[in-house]
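Visitor: Attaching a predicted model along with its sequence, questions to come.
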Amino acid sequence: MGVVRLLLDITTALTSLLDLDQVLGEMLTRSVRLAAATAGTIILVDERGRAQRKIAVRNDKPYEADELILSRVLERGLAREVFLTGVPAKVDDTQLDPRWLRIDNNGQSSRSAVCLPVWRRRRILGILTLTHSRTHHFTDDLLELLEAVAGQAAIAIENAQLFGEVQRLATTDALTGLANRRHFLERAEAAFASGARPLSVAMIDVDHFKTVNDERGHLAGDAVLTDVAGRIRAALPEGALLGRFGGEEFAVLLPETDEAAALRAAETVRAAVSATPVNAGELALPTTVSVGVATWHDAGGDLREVLKRADERLYEAKRDGRDRVRAG
């Protein structure tokens, strides 16, 4: 296969993907095969060269690269040099080249290597490293070809990152980082339709929030919502789905959770929020929440009915004095 045809084939394969991990995996697999390398790693980095995401293969099989090794390589190894200079590097013999950190992964030694920056719009998105167990394996012509592959891969990586950001913005509440109402309801509907029972829902409302906005300002209100969202998320059990339902109201789905367990989870959330004041700039704002819980046992039913019952219990908690949990 000619070089132009080869690059066209790789470009077509990469640009047809929008999932970032799939793009990275395809890029790495094709680079390893193109270079007949023993192993390879692609590391996405931030503006300071810190690892954000990684994929590694050895002998055509994925493996989990050691986090400590990666941090060492990015701090002072060949990859660091490539990140700082933006220039590809080739090591003919790792035992003679001081730039190479002599690390033996999975019981196999690397005797030659190439390391390339993945550039896009004057920024290095990642570092591609390929190794071989034999010295002098990588040629200058091969390095040039890999640079072209990295250039095409950079476009696909950027597209996947942009697509991922659009997806995140479409499903995430911008202020709190939680699932937005639409995304929460979609996931809750799917969980409800699965038939796994019992299933519980909690509706959570920040007490006296309008007073905070009116007397302290909307920036203070935003600080309260952000802090409360973090406390709720940290207090919930594993597997719970949390979303911002609107305004100062949050919703929680607790799959396979009976009323007693849901009440314990809700009480943990209530206590976590009221434990210490929320810091909003120079202000320390005592904050509490009221929680309503509803549990569904039947195989059928309607999610909206469970949400309605939880909402009714929430307003019961409000009427009873706030900063409390009600269920039924």
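Guide: Cool, the structure landed.
Visitor: Summarise which helices and strands the longest helix along the chain is packed against.
Guide: Secondary structure assigned by DSSP state H gives helix 140-171 as the longest helix of the chain. Other elements packing on helix 140-171 under the criterion 3 or more Cβ pairs under 8 Å, 6 or more residues apart in numbering; DSSP states H and E are helix 3-15, helix 20-35, strand 112-120, strand 123-132, helix 181-193. All C-beta spots, glycine's among them, are computed from the backbone N, C-alpha and C.
Visitor: how about CSV for the ones you listed, with mean pLDDT and distance to Leu283 added?
Guide: Output for the helices and strands packed on helix 140-171, formatted as CSV (pLDDT from 0 to 100; distance: least, Cβ to Cβ, whole Å):
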stretch, mean pLDDT, distance to Leu283
helix 3-15, 80, 50
helix 20-35, 91, 40
strand 112-120, 94, 43
strand 123-132, 94, 39
helix 181-193, 92, 28
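Visitor: quick one on the thing from earlier: could you tell me the angle between the longest helix of the chain and strand 112-120?
Guide: 40 degrees (axes from the mean of the first three to the mean of the last three Cα atoms, to 10 degrees).
Visitor: Next, the angle helix 20-35 makes with helix 140-171.
Guide: Going by the same axes, to 10 degrees, helix 140-171 makes 170 degrees with helix 20-35.
Visitor: Any idea how far helix 140-171 is from the middle of the chain?
Guide: 18 Å (Cα atoms, centre = their mean, to the nearest Å).
Visitor: again, but for stretch 109-120
Guide: 26 Å.
Visitor: Grab the CA positions of that stretch and hand them over as CSV.
Guide: Taking C-alpha atoms only, stretch 109-120 is exported to CSV below (Å, rounded to 0.1, in the frame of the first residue of the first chain):
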residue,chain,number,x,y,z
SER,A,109,12.8,-4.4,27.9
SER,A,110,12.6,-1.5,25.4
ARG,A,111,15.8,-1.2,23.4
SER,A,112,14.7,1.5,20.8
ALA,A,113,12.0,4.1,20.8
VAL,A,114,10.4,7.0,19.0
CYS,A,115,8.5,9.8,20.8
LEU,A,116,6.3,12.3,18.9
PRO,A,117,4.2,15.3,19.9
VAL,A,118,0.6,15.3,18.6
TRP,A,119,0.0,18.9,17.6
ARG,A,120,-3.2,20.8,16.9
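Visitor: Can you give me the buried ones in that stretch?
Guide: Neighbour counts using 16 or more other Cβ atoms under 10 Å place 110-118, 120 of stretch 109-120 among the buried residues.
Visitor: what two of those have the greatest distance between them?
Guide: Arg111 and Arg120 (31.1 Å; Cβ to Cβ).
Visitor: where does the residue lying closest to Glu249 once chain neighbours are set aside fall, phi/psi-wise?
Guide: Distances taken as Cβ to Cβ, 6 or more residues apart in numbering place Asp205 nearest to Glu249, at 5.0 Å, with adjacent residues excluded. Dihedral angles of Asp205 (phi, psi; degrees, to the nearest 10) stand at phi -130, psi 130.
Visitor: one step back: now do the longest helix of the chain against helix 181-193, angle only.
Guide: 90 degrees.
Visitor: Mean confidence (pLDDT) on helix 140-171, please.
Guide: Mean per-residue pLDDT for helix 140-171: 90.
Visitor: what's the spacing between the closest residue to Thr94 other than its chain neighbours and Leu185?
Guide: Among residues not flanking Thr94 along the chain, Trp100 sits closest, at 4.2 Å (Cβ to Cβ, 6+ apart). Applying Cβ to Cβ, to the nearest Å, the value for Trp100 to Leu185 is 53 Å.
Visitor: now Phe209
Guide: 22 Å.
Visitor: Could you do Thr11 as well?
Guide: In terms of Cβ to Cβ, Thr11 sits 39 Å off from Leu185.
Visitor: same question, Arg72
Guide: Arg72 is 45 Å from Leu185, by Cβ to Cβ.
Visitor: again with Arg324
Guide: Between Arg324 and Leu185 the distance, using Cβ to Cβ, works out to 26 Å.
Visitor: Quick one: find the helix or strand in this structure with the lowest mean pLDDT.
Guide: Scoring the helices and strands of the chain by mean pLDDT, DSSP states H and E places helix 67-76 at the bottom, with a mean of 76.
Visitor: Run the angle between it and strand 112-120 for me.
Guide: 70 degrees.
Visitor: pretty sure Thr171 contacts Leu178?
Guide: No - the criterion here is Cβ atoms under 8 Å, and Thr171 misses it with Leu178 at 9.9 Å.
Visitor: Which one of those two is surrounded by more residues?
Guide: Leu178 (24 against 16; other Cβ atoms under 10 Å).
Visitor: ok, the residue lying closest to that one once chain neighbours are set aside - how many residues close by?
Guide: Of all residues not flanking Leu178 in the chain, Arg244 sits nearest, at 4.8 Å (Cβ to Cβ, 6+ apart). Residues lying near Arg244 (other Cβ under 10 Å) number 25.
Visitor: does Gly281 really touch Asp222, like I thought?
Guide: No - contact between Gly281 and Asp222 fails when scored by Cβ under 8 Å: they sit 10.8 Å apart.
Visitor: Which one's more surrounded, those two?
Guide: Asp222 (15 against 11).
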